[in-house]
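Novice: Give me coordinates for this.
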Amino acid sequence: MCGICGELRFDGRSPNLGTVHRMMERLERRGPDHAGSHSDGPLAMGHRRLSIIDLSAHANQPMVDQDLDLAIVFNGTIYNYPELREELIALGYHFFSHGDTEVILKAYQAWGEACVERLHGMFAFAVWDSDRQRLFVARDRMGIKPLYYRYADGCFRFASTSQALIAAGGVSSDLDSVALHHLFSLHAVVPAPRTVLRGVRKLDPGHYLVIEADGRWRKQRYWTLEARRPDRSMDETEWTEAIHGALMEAVRRRIEISDVPVGVLLSGGLDSSLLVALLAEAGVKDLLTFSVGFEDQPEEKGSEFEYSDPVAERYATRHHKYRIPNSEVLNRLPEAVDNMTEPMFGQDAVAFYLLAEQVSKSVKVVQSGQGADEVFAGYFWYPRMVEAPGEPLERFRAHYFDRDHDEYLEMVGPAYRGLDYTGAKIGRRLRQPGADEFIDQVLRLDVTTLIVDDPVKRVDNMTMAWGLEARVPFLDHKLVELAAQMPPEYKLGGGGKQVLKRIARGRLPDAVIDRPKGYFPVPALKYVRGPFLEFMRDILDSRACRERGLYRRAYVEKLLDAPESHHTRILGSKLWHLALLEYWLQRNVG
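Specialist: Numbering: from 1, shown residues only. Modelled structure (predicted):
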């Protein structure tokens, strides 16, 4: 896991190494173990390394293969690299390192752009083909690794974070009105390629870019998720066995492909608890597990230790628990916001940030349960959508959108009003061919589009801020493809995630399996009061906020007058949404 950046010029000027180094400085926390840069003609690239596979200097980046005239910067992990390495050796390629980075280089030389179809893992990388004077940039199927870019002013720049691109200079602070509509409708999700800043774009998951030295470029999709029943019908027992096998393989790969210890973020929910059980089943001994809790509020407990403790005891893990006071949450919130590559409304972002800080003192790699709810239909709104009448978009909108279009128009200033961009976008995505039923359309949308920004981006940003790599077995693309074919009743049954509950039965305490769906609780940010309310009030009353003109004051005052009365359909604080975006802009843009 690392931070990558680069600049390709097509205006006849040499790349600015100072610009690349400024981007590298902003990526330091993602890769504290090594810094390197490389330039060749119109191209310069930089890298910050977090050493996990092949800890030697041979695996430092940018990695240059003089024989092939190729150079690469790479962020991520390729779980099938040992098999690919053997295949490439059989084709006559020779290796000077032992990790996955060089495998990508040789794979590109052997199979060209189709190399990405052979990679099993999470990745964002850029390969400079010196012979062809061409840059090849790719992102993994699930969007687990980020890749931002800017194409303007005679050059193409890319980086692992938007902050690195901003540090390079020339990025307009103008807001993208379409992206804002998505942000406030889909609880901070802005589907690629847009971001809230007009001058910053992000590469879509499952896509690659080819940029020529003369400025010509093209984008290509290389992966599509099909949500159709298989030719051979299977009963629930067969599906359970198939999912169990695929999940075990995903867990096994993510523990074996590492030259450093791997732990688990144990929240107390079904998903992370099941990972602990399967790791024990795979023979892992002396497993490290980590849990975090916060102060209670009258309406809600601030920890799930009552569920995580029995799991840790059953499997005799080396368990670490951290209790974070509310004062620490508020004091450290600015740091968490500084490490958000885009605004994040999820109340558990700061929880992940503070947990990752502690975990990074013990391990460099953790497995985490994100993705299970989207892949296996664990959220409460899925059955409500299924039962609702009407067209697909209206069924989805009624149970998911944070704000209807009319409320959005009430919220924003005149410069940011427009059409119902989000309704149009989601309607198109739901109508795409390749899904048998309405709920298949919804889950495909969630897995391929929505989850990328929440929670996948949140986990990456908050862990990588501490040089900690998070691996997400439930988003193994082979497992995702298999689950997409499964009849939805095997997911929706039993209150959601029925197939996972069947796998967990006998492996986990019944109390963990049968409990209501939980969330990473940070009650102080959900029930807005006291110092947290004053913090948000100060942001929204600030001169910068008023001069930006993004929000209509009448709407802001309505929320401030009754902060606990205005929640989204999925129980988020609308006031927190407004304050978080404004605070992110103040911290990162100005």
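Novice: which stretches of the stretch 401-550 of the chain have low pLDDT?
Specialist: Within the stretch 401-550 of the chain, the stretches with pLDDT under 70 are 518-527.
Novice: gap between S565 and R537?
Specialist: Going from S565 to R537 by CB to CB, to the nearest Å gives 16 Å. (Each C-beta comes from the backbone N, C-alpha and C, glycine too.)
Novice: who has more neighbours, those two?
Specialist: Neighbours were counted for S565 and for R537 using other CB atoms under 10 Å; R537 has more, 16 against 10.
Novice: Counting by contacts, list what the helix or strand encompassing that one packs against.
Specialist: Using DSSP states H and E, R537 sits within helix 530-541. Where contact means 3 or more CB pairs under 8 Å, 6 or more residues apart in numbering; DSSP states H and E, helix 530-541 is packed against helix 326-338, helix 523-526, helix 553-561, helix 574-588.
Novice: Next, report how far the following helix or strand past it is displaced from the centre of its chain.
Specialist: Using DSSP H and E, the helix or strand that follows helix 530-541 in sequence is helix 543-548. Taking the mean of its C-alpha atoms, helix 543-548 sits 30 Å from the chain's own mean (CA atoms, centre = their mean, to the nearest Å).
Novice: buried stuff in helix 543-548?
Specialist: Under the neighbour-count criterion of 16 or more other CB atoms under 10 Å, helix 543-548 has 545, 548 buried.
Novice: And it, what does it pack against?
Specialist: Counting by 3+ CB pairs under 8 Å, 6+ apart, helix 543-548 packs on helix 574-588.
Novice: Apply 10 Å and report the result again.
Specialist: Packing partners of helix 543-548 (3 or more CB pairs under 10 Å, 6 or more residues apart in numbering; DSSP states H and E): helix 530-541, helix 553-561, helix 574-588.
Novice: Which one of these lies nearest to R428?
Specialist: Evaluated over these, closeness to R428 peaks at helix 574-588, with 24.5 Å, by CB to CB.
Novice: For the closest one, C-alpha coordinates in CSV please.
Specialist: Coordinates of each C-alpha in helix 574-588 appear next as CSV, following Å, rounded to 0.1, in the frame of the first residue of the first chain:
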residue,chain,number,x,y,z
LYS,A,574,-28.5,16.7,7.8
LEU,A,575,-26.7,19.4,9.9
TRP,A,576,-23.5,17.3,10.0
HIS,A,577,-23.7,17.0,6.2
LEU,A,578,-23.6,20.7,5.7
ALA,A,579,-21.0,21.4,8.3
LEU,A,580,-18.7,18.6,7.1
LEU,A,581,-18.6,19.7,3.5
GLU,A,582,-17.9,23.3,4.5
TYR,A,583,-15.2,22.3,6.9
TRP,A,584,-13.6,20.1,4.3
LEU,A,585,-13.5,22.9,1.9
GLN,A,586,-12.0,25.3,4.4
ARG,A,587,-9.3,22.8,5.4
ASN,A,588,-8.4,21.6,1.9
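Novice: list the buried ones in it?
Specialist: Within helix 574-588, the residues that count as buried by 16+ other CB under 10 Å are 574-586, 588.
Novice: Give me the neighbour count for D131.
Specialist: Look at D131: counted by other CB under 10 Å, it has 8 neighbours.
Novice: Kindly list the main-chain dihedrals of it?
Specialist: Dihedral angles of D131 (phi, psi; degrees, to the nearest 10) stand at phi -60, psi -50.
Novice: which stretches of the stretch 151-300 of the chain form strands?
Specialist: With DSSP state E, counting those that start in this stretch as the criterion, the stretch 151-300 of the chain has strands at 155-159, 201-202, 207-212, 217-221, 262-265, 288-294.
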